[in-house]
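Peer 1: Using only what follows, build the 3D model:
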Amino acid sequence: MARLPGRITLQAIGRLVRTQAQREWAGTPLHEWRIGKPKPEGFAARPRDLRPPRPENGRRILAGEFAFAGSTLEVGPGGDPWDRPSPSRRFAVELHRFGWLRDLMALGEEGEAEALRLTLEWRRLFGRWNAFSWNAEVLERRVFNLACAARTLTERASEAETLGLAHDLARQARHLLISPDGPARAAERAVAAALAGAALADVAGLKLLDQALGKLARTLPVTVQPDGGHASRSPQAALELLFDLACLDEALVQRGVAAPDEMMRAIDRLAGAVRFFTLADGSLPSLQGGEALRPGYVAAARASDEPARPIPPSRNGYQRLEGRALQVLADGAPPAVGAWSLAACAQPLAVEVLARGQRLIVGSGWTPDAAAPDTARLAGAASTAVLGEGGCGRTLEGLAARILGPRLLADYRRVEVERHDGETAVWLEMEHDGWDRPYGLRHQRRLYLDVATDELRGEDSFSPIAPAEEGSEASRRFIPFLVRFHLHPEVRASVALDRKSVLLRPPGDETGWWLRNDALEVVIEPSVFWQDGQPRRSNQVVLRGQARQSAGARIRWKLAAAE
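Peer 2: Numbers count the residues shown, from 1 in each chain. The predicted structure follows:
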């Protein structure tokens with residue numbers, strides 16, 4: 001139903017009406033009065049965000065240079081970034097989210113003083129509601145970051161400044177809590193509001209905390225799946241929510257408030273999911289709108305994890321195959337739909353492969369924070385097979401996208417997976433229906449990981465859904481297809497003299513890995529890998545073939561150590 005244009009149009013109209021009504025209400029004195037009572041008298045808890053800071057970013061801010069989302073704004077030491085235009089909307093979003101507080105405050109007294117100055121300057125210009133900086137997309141993270149920093153900031157503030165900051169945080173958190181929103185960020189926004197309530201003192205903080213925890217208990221079962229995966233299917237989203245909940249849990253301990261049972265269950269489930277998604281190099285898979293992230297960043301969320309607990313073979317629709325030197329993660333489920341699909345990718349049966357603990361075959365690394373084209377969310381940007389000229393999905397465009405966001409409209413909703421685990425091998429059979437409608441062909445991917453020989457054998461095939469009549473157009477039609485293997489930027493690739501085999505060499509691996517195949521043509525083409533929201537040049541191995549619509553086709557390939 002979500003794919004029907006009429007339904008999407010109705011959703012967009014409904015959202016537009018609600019948003020406009022909310023904006024008109026938010027600008028009224030009655031709303032301002034509502035979110036302003038009761039006034040807090042200061043701060044109580046000191047929430048601790050486990051995310052590791054980046055002091056180098058803080059030093060740049062001290063020098064008057066703000067760098068976010070691939071753009072830079074230079075204001076000079078002690079300058080004001082708030083009273084001048086931002087280089088881009090993405091830059092402005094990051095600036096107003098206040099994530100830089102963590103980096104500045106890691107520098108000690110000098111950084112804390114500058115953080116307080118910038119916060120007070122923001123309050124002077126943006127302390128009252130406005131459509132951009134109080135938008136939930138921005139407000140959620142600012143409330144979270146201010147709640148974590150406020151107690152430290154106010155140690156350098158006057159009594160009047162402390163009361164003003166506490167009042168502002170309470171107003172922003174209450175506005176966030178009562179703002180109508182869909183399910184996709186409801187849990188994260190409830191966490192931010194609850195954290196503000198824990199940070200604020202007296203009755204004002206406890207009342208806000210009670211309201212936010214009630215909402216959190218209702219939204220977490222929808223956001224966190226029974227196996228611990230995030231409803232968006234983004235590994236990074238699961239990690240970030242675990243960070244948020246761990247921070248809130250510690251703040252509740254400081255306030256002597258018991259955490260809801262749903263929250264503790266969610267923390268346990270998310271910890272298991274992050275354990276599953278953490279690959280041999282300490283990073284996450286770069287699939288379904290998530291980045292690999294730095295190993296130290298991922299490790300910070302697992303500081304209290306129990307590494308001895310067994311890792312299941314599958315979770316949240318992903319399949320994990322383990323060899324002695326090879327590790328494979330395959331996406332074996334459809335992407336998220338509707339409001340959950342803002343970061344989803346139409347990349348069916350995509351894989352990532354690590355060899356001897358290093359990234360070898362990867363995904364594009366696209367995230368919503370990357371300034372990347374929409375094609376980075378489609379099958380051509382992943383290590384999977386692509387049939388014909390287009391993809392098996394698209395992103396919402398036009399006015400509907402401006403209202404509902406860039407939702408993914410995927411052309412496949414059915415993915416079937418069969419897994420066979422033996423003592424010396426793992427066999428995975430997967431197929432999806434993304435090419436059924438345009439071509440009448442079904443993509444099947446078989447993966448066989450031989451643990452004894454450390455070989456990964458694969459087969460990508462296209463088979464007709466229904467037999468074609470002899471002499472019909474379908475019996476004569478050939479459709480080109482590609483099997484892509486996107487390589488990590490640090491992997492070198494060279495085609496052998498037989499023009500079939502490709503030697504892949506990760507850094508420090510002098511022998512490398514052979515990717516052998518029976519494709520009609522093998523080429524190495526440029527590719528892009530997105531890291532920290534910025535593009536890095538890389539390469540991809542492309543296997544070309546032709547599928548007869550009436551009979552299909554297949555390509556077999558094998559990845560094995562060069563020795």
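
Peer 1: CA atoms for contacts and neighbours, from now on please.
Peer 2: Will do.

Peer 1: Buried residues in the lengthiest strand in the chain, which are they?
Peer 2: Counting residues, the longest strand found in the chain (DSSP state E) is strand 534-548. Neighbour counts over strand 534-548 (16 or more other C-alpha atoms under 10 Å) mark 534-535, 538-548 as buried.

Peer 1: got it, and stretch 62-81?
Peer 2: 62, 64-70, 73, 75, 81.

Peer 1: tell me how far the ends of that stretch are from each other?
Peer 2: This stretch, stretch 62-81, spans 12 Å end to end (C-alpha to C-alpha, to the nearest Å).

Peer 1: mean confidence for it?
Peer 2: For stretch 62-81, mean pLDDT is 94.

Peer 1: got it, and stretch 359-366?
Peer 2: Per-region confidence: stretch 359-366 scores 94 on mean pLDDT.

Peer 1: Next: stretch 300-316.
Peer 2: 86.

Peer 1: Same check on stretch 84-93?
Peer 2: 94.

Peer 1: go on, stretch 418-427?
Peer 2: pLDDT averaged over stretch 418-427 gives 95.

Peer 1: mind checking the end-to-end distance for that stretch?
Peer 2: For stretch 418-427, the end-to-end distance is 8 Å (C-alpha to C-alpha).

Peer 1: Equivalent analysis for stretch 511-531, please.
Peer 2: 27 Å.

Peer 1: Would you indicate which residues of it are buried?
Peer 2: Buried, per 16+ other C-alpha under 10 Å, within stretch 511-531: 512-519, 522, 524, 527-531.

Peer 1: ok, residue 165 - contacts?
Peer 2: By C-alpha atoms under 8 Å, 6 or more residues apart in numbering, residue 165 lies in contact with residue 150.

Peer 1: Then it would be within a helix, right?
Peer 2: Yes - membership of residue 165 in a helix is supported by DSSP: H, G, I helix; E, B strand; the rest coil.

Peer 1: Run through the bridge partners of the nearest residue to residue 512 once chain neighbours are set aside.
Peer 2: In space, and not counting its chain neighbours, residue 512 is closest to residue 505: 4.3 Å by C-alpha to C-alpha, 6 or more residues apart in numbering. For residue 505, the beta-bridge partners are residue 492 (DSSP bridges).

Peer 1: Pretty sure residue 505 sits against residue 491.
Peer 2: Yes - in this structure residue 505 lies within contact range of residue 491 using C-alpha atoms under 8 Å: 5.4 Å.

Peer 1: ok, which stretches of the stretch 451-563 of the chain are helices?
Peer 2: Using DSSP state H, counting those that start in this stretch, the helices of the stretch 451-563 of the chain run over residues 473-476.

Peer 1: so where's it uncertain?
Peer 2: Within the stretch 451-563 of the chain, the stretches with pLDDT under 70 are 468-475.

Peer 1: The closest residue to residue 314 other than its chain neighbours sits in which helix or strand?
Peer 2: Sequence neighbours aside, residue 320 is the residue nearest to residue 314 in space, at 5.9 Å (criterion: C-alpha to C-alpha, 6+ apart). Using DSSP states H and E, residue 320 maps to strand 318-322.

Peer 1: Residues contacting that strand, please?
Peer 2: 313-314, 327-333, 426, 449, 451.

Peer 1: Of all pairs in these, which one is the farthest apart?
Peer 2: 333 and 451 (24.7 Å; C-alpha to C-alpha).

Peer 1: ok, residue 194 - contacts?
Peer 2: With C-alpha under 8 Å, 6+ apart, residue 194 has these contacts: 208-213, 248.

Peer 1: per-residue confidence at it?
Peer 2: 98.

Peer 1: Shouldn't it be within a strand?
Peer 2: No - checked against three-state DSSP, residue 194 lies outside a strand; its state is helix.

Peer 1: my guess is residue 516 contacts residue 501, does it?
Peer 2: Yes - applying C-alpha under 8 Å, one finds residue 516 in contact with residue 501, separated by 4.5 Å.

Peer 1: rewinding a little: more neighbours: which of residue 333 and residue 451?
Peer 2: Taking other C-alpha atoms under 10 Å, residue 333 and residue 451 do not tie; residue 333 has more neighbours (23 against 19).

Peer 1: hmm, back to that, who does the strand holding residue 320 pair up with?
Peer 2: strand 314-315 (antiparallel), strand 326-331 (antiparallel).

Peer 1: looking at those strands, which is buried most?
Peer 2: Of all those, strand 326-331 has the most neighbours on average by mean count of other C-alpha atoms under 10 Å, namely a mean of 24.

Peer 1: residue contacts, residue 450?
Peer 2: With C-alpha under 8 Å, 6+ apart, residue 450 has these contacts: 323, 424-426, 456-457.

Peer 1: What is the most widely separated pair among those residues?
Peer 2: 424 and 457, at 13.9 Å, using C-alpha to C-alpha across the contacts of residue 450.

Peer 1: Those two: which is more packed in?
Peer 2: Legend: neighbour count by other C-alpha under 10 Å for residue 424 and residue 457, higher for residue 457 (19 against 12).

Peer 1: From residue 270, how far out is the more buried one?
Peer 2: Residue 457 sits 32 Å away from residue 270, going by C-alpha to C-alpha.

Peer 1: again, but for residue 280
Peer 2: 19 Å.

Peer 1: Residue 430 too?
Peer 2: Distance from residue 430 to residue 270, counting by C-alpha to C-alpha: 26 Å.

Peer 1: okay, these two: which has more neighbours?
Peer 2: It is residue 270, of residue 430 and residue 270, that has more neighbours when counted by other C-alpha under 10 Å, with 28 against 21.
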